[in-house]
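Undergrad: Mind folding the following:
(chains A and B)
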Amino acid sequence: MEVALEDNNLMEKVVLTPDEQEMDVELEAKEKKYLRGEGANLETLKDKKLKTQLASREKLYGKSAKAAAKIEKWLLPASAGYLETDGLEKTWRIKQTDIAKEVDILSSRNQYDIVLPDFGPYKLDFTASGRHMLAGGRKGHLALVDMMNMNLIKEIQVRETVRDVAFLHNDQFFAAAQKKYAYIYGRDGTELHCLKERGPVARLRFLKNHFLLASVNKIGQLHYQDVTYGDMVASIRTGKGRTDVMEVNPYNGVVALGHSGGTVTMWKPTSQAPLVQMQCHPGPVSSLAFHPNGHLMATSGKERKVKIWDLRKFEEVQTIHGFHAKTLSFSQKGLLAAGTGSFVQVLGDSSGAYSRYMSHSMVKGYQIEKVMFRPYEDVLGIGHSMGWSSVLIPGSGEPNFDSWVANPFETSKQRREKEVHLLLDKLPPETIMLDPSKIGAMRPSRRKEKPTRGEVEAEKEVAIEAAKSVEMKKKTKGRNKPSKRTKKKKELVENVKRTFPEQEHSAAGKKRRIGGEDDAAAELPACLKRFARTN
Amino acid sequence: MRIKTISRSVDEFTRERSQDLQRVFHNFDPSLRPMEKAVEYQRALTAAKLEKIFARPFVGAMDGHRDGISCMAKNPNYLKGIFSASMDGDIRLWDIATRRTVCQFPGHQGAVRGLTVSTDGNVLVSCGIDSTVRLWNVPRPSLEDSDLSSEKSAEPSAVYVCKNALLAVDHQFEGELFATAGAQIDIWNHNRSQPVHSFKPGNDSVISVRFNPGEPDILAVSSNDRRMIIYDIRMSSAAREIRMQTKTNSIAWNPMEPMNFTGANEDGNCYSFDGRKNEEAKCVHKDHVSAVMDIDFSPTGREFVTGSYDRSVRIFPYNGGHSREIYHTKRMQRVFCVKYSSDATYVISGSDDTNLRLWKAKASEQLGVILPREQKKHEYNEAVKNRYKHLPEIKRIVRHRHLPKPIYKAIAESRAVNNAKKRKDDRRKASSAPGTIVTKPLRTRRIINEREVE
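TA: Residues are numbered from 1 along each chain as shown, chains lettered A, B, ... in the order given. So this is what the prediction gives:
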């Protein structure tokens, strides 16, 4: 019996050719990406039924990861762009004019300069599919462009200062931060909403999964508003003064602000205190950008350094000396574009660390206001003081789009269906956290530990804040005296405080009892001393 | 210098004519989908809520009998029909689609205790406490029967008389024999007026009988002296027997795993056994608060339905200890018989209030013809809900059922009693020498003994 089994084993051994081995290794590397982390540790389970169920599920995950890796290798229609030089030639010396000669007609149509000198420095925004672009000039010019046909869909002149522009969930709606308030416009230029609560807004960003419009205003207040039904979800007083630098981390929906003291703070709508505060630069932070995978953040300060931070450990990974970037942007493939003055520098991490990849210098007088990579294309959009331009950066965009995620060739019917599905999948604001993988994970059952002193204090403060911010009903007919109002408010806060002091008293009480026994013993008359408790 | 940029031609990515399907491209890269886990959780939550919104399990009631329903039988060849018999001797054939009586079989004096149909669907066998076995010819359903107002009635093709009242009957699978149970077990042939074979398991009456669907000569029997006995009719005595602490009201074999059977017990639990190894139950299904009267397996073999004296019908998974669904109505009184329809879509319950009730097996299922896209969406919702069903928010929604007050209170009471007992046992065990007190698992606790009879 045993001999037969050995024979079977021998027959199953297949020798792979070196090519096949290479392919195997490649496929395994791709598989890791699709497995999304380590498998569960099933050894600790005692329940046999659960163990077998989970083991079969893990096998299925492995199979689906293998299938996805094979699809990526063989079935995806397009491959990524690249720029390779031979030997002495350096990639950052290659000009856009040289690229234009080598590239096909469709791509060369993506290189252009639009000169609009009258309306001030332009800010740009692209929709998620990269099909539409919104350009907002400081002097009030808003233009919505269809990038595929270079069609101007709508342009309006709002005759006010426009500080920032942002698309909402698709090209049908966009928001503009104007002189006094922020406004939401429809695709045909009609003003739909005036967002008065926010005050004079400096920066606007949209959180796609949560349908939240985040903005920071001139006083340094952070506002989150749910655009589906208009509720202001959170208004947070940052306490750090006026800031112009705000970016959203696409991986977890956290908003990062860069302050004039050199700190970068990260916020979520459900808490009044920042999640993280990092001291990034000795001077003010001039710009900020997040890598799409959520682990890297690039910041630049006025001391002419660009620093790359790892957000898992909150440590600096790399410093790039030499220039102060007024605007930063990461592409889908991880290239970093930095714009200073009239010069754009693109850095790539092909060799592990970020190094010079390409550069583009514009005409001397043009001051670059914003750089932004166009999704799913090898294109960098540059908004500057004389209009906007578009340059080709090979290897920056993701070549294969998924129709269910973002489809640049969307028809109106598909767009409407997608809008409904996005709304059904809208996440509540509580899901914004530093580590989104905690959602859907089971929390380990905690033994009933007593919360520490610090935690209790924090809870108490939160409860007191909540009690203080309760809106009192305005009474009429002479019952609305200020003295009565303050008295009622004080009562509320007192009630909240009363639920908390038990800890202190019990701790103090215990102490008293331990000491008290000795006292009790001392108090007894001499003849009864032998009956005193001795522990 | 070698250079390549992304350039997409519109023709490749859009359709040529409006008659073509739209082109869809996939890229499964997780980096394109930030917060995918949170979105999936949100979808699971929506799916759980939708399931509850569409949960309307009650389809209809079949009204007509004049006394409580005592037993039912499925016709293996005709999906739409079901036979039911009541305590006053009235046997009817129902058309489930229209919920009307197609044919009546009058003749029994007194309660009919057993009904069964032969495997080819031609012969209906019924037995009752008037000590008779009657064989009927089942009328063939035809297009001429569209006149619903006429209720036909048939004459028995044969009447066999016995000595004692008969309590149960079951027909052999793919065979010509049927077994009746009463004071003893009799094996009959259709054409003989006397039983071909007889078994006497003891002095107590036999209350239910069931042939094995896989092995046509094996049958399981439960008697009033709390025993479950497995017979092989080719031998002269029993093969195996299990004695429990309370009697088993009904037995059902798993149609997909014919070596396993489940018994509906008087103590409110159902015990699943492996027919080859009887020392311990394979699984104990606990959820009813009162005696379980009847049990029937789904044709998929993955779940079974039970009807109990506590006025509820429950559906259990074949290997799970707790029910996945409970059906109850204010008007439904003690449930005496249940059947799972042969297409695994419906559950039929017959109860004391003279009604047969038709329920959906999956409460939120969309019946009728489903488009392929709808089907895929249902499957996706089911899968994503199952992935997150252990998390508290979703578990609360999925688990939530409204229970009638007496059942709710009985469950709370039994939980309090069991917790107190468990706490005391744990303390007793903790304060005694390790190994002196041994807790028997529930699977063996209720079995008194088991033996193989030679």
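Undergrad: Please identify the residues of chain B in proximity to chain A?
TA: For chain B, the residues found near chain A under the criterion C-beta under 8 Å from any C-beta of the partner chain are B:1-10, B:12-14, B:22-35, B:37-43, B:46, B:319, B:388, B:390-391. The way it works is simple: take the backbone N, C-alpha and C, and place the C-beta from them, glycine included.
Undergrad: where are the low-confidence patches of the stretch 51-200 of chain B?
TA: B:142-151 (pLDDT under 70).
Undergrad: can you map out the helices along it?
TA: Counting by DSSP state H, counting those that start in this stretch, no segments of the stretch 51-200 of chain B form helices.
Undergrad: Indicate the residue of it located nearest to chain A.
TA: Distances between the stretch 51-200 of chain B and chain A by C-beta to the nearest C-beta are smallest at B:Ile53, namely 14.1 Å.
Undergrad: confidence score at the residue of the stretch 251-400 of chain B found nearest chain A?
TA: The stretch 251-400 of chain B approaches chain A most closely through B:Tyr388 (6.0 Å), counting by C-beta to the nearest C-beta. The model reports B:Tyr388 with a pLDDT of 93.
Undergrad: Quick check: nearest residue in space to it, chain neighbours excluded?
TA: Nearest residue to B:Tyr388, sequence neighbours excluded (C-beta to C-beta, 6 or more residues apart in numbering or on different chains): B:Ala44, at 4.1 Å.
Undergrad: give me every residue that touches the one you found.
TA: B:Ala44 sits next to B:384-385, B:387-389, B:394 when contact means C-beta atoms under 8 Å, 6 or more residues apart in numbering or on different chains.
Undergrad: ditto for A:Phe409
TA: A:Phe409 makes contacts with B:10, B:13-14, B:23, as judged by C-beta under 8 Å, 6+ apart.
Undergrad: between those, which has the most around it?
TA: B:Phe13 (16 neighbours; other C-beta atoms under 10 Å in any protein chain shown).
Undergrad: so what's the backbone phi/psi at it?
TA: phi -110, psi 0 (degrees, to the nearest 10).
Undergrad: correct me, but it touches B:Gln22?
TA: No. The criterion here is C-beta atoms under 8 Å, and B:Phe13 misses it with B:Gln22 at 10.2 Å.
Undergrad: Any chance you could list residues touching both of those two?
TA: Residues touching both B:Phe13 and B:Gln22 (C-beta under 8 Å, 6+ apart): there are none.
Undergrad: With adjacent residues omitted, what lies nearest to A:Glu84?
TA: Leaving out its chain neighbours, A:Glu84 is closest to B:Arg2 (C-beta to C-beta, 6+ apart), at 4.6 Å.
Undergrad: The stretch 1-150 of chain A: strands as residue ranges?
TA: Listed in chain order, the strands of the stretch 1-150 of chain A (DSSP state E, counting those that start in this stretch) span A:82-84, A:112-115, A:122-126, A:132-137, A:141-146.
Undergrad: let me redo that: the stretch 201-350 of chain B
TA: In the stretch 201-350 of chain B, the strands defined using DSSP E, counting those that start in this stretch lie at B:206-211, B:218-223, B:227-232, B:238-244, B:248-253, B:260-265, B:269-274, B:283-286, B:292-297, B:303-308, B:313-317, B:325-327, B:335-340, B:346-351.
Undergrad: Kindly reformat these as a markdown table containing mean neighbour count and mean pLDDT.
TA: Shown next, in a markdown table, are those (neighbours: other C-beta atoms under 10 Å in any protein chain shown; pLDDT from 0 to 100):
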| stretch | mean neighbour count | mean pLDDT |
| --- | --- | --- |
| strand B:206-211 | 24 | 95 |
| strand B:218-223 | 25 | 94 |
| strand B:227-232 | 22 | 92 |
| strand B:238-244 | 20 | 88 |
| strand B:248-253 | 25 | 96 |
| strand B:260-265 | 25 | 95 |
| strand B:269-274 | 23 | 94 |
| strand B:283-286 | 21 | 94 |
| strand B:292-297 | 24 | 97 |
| strand B:303-308 | 26 | 96 |
| strand B:313-317 | 23 | 97 |
| strand B:325-327 | 20 | 96 |
| strand B:335-340 | 25 | 96 |
| strand B:346-351 | 26 | 96 |
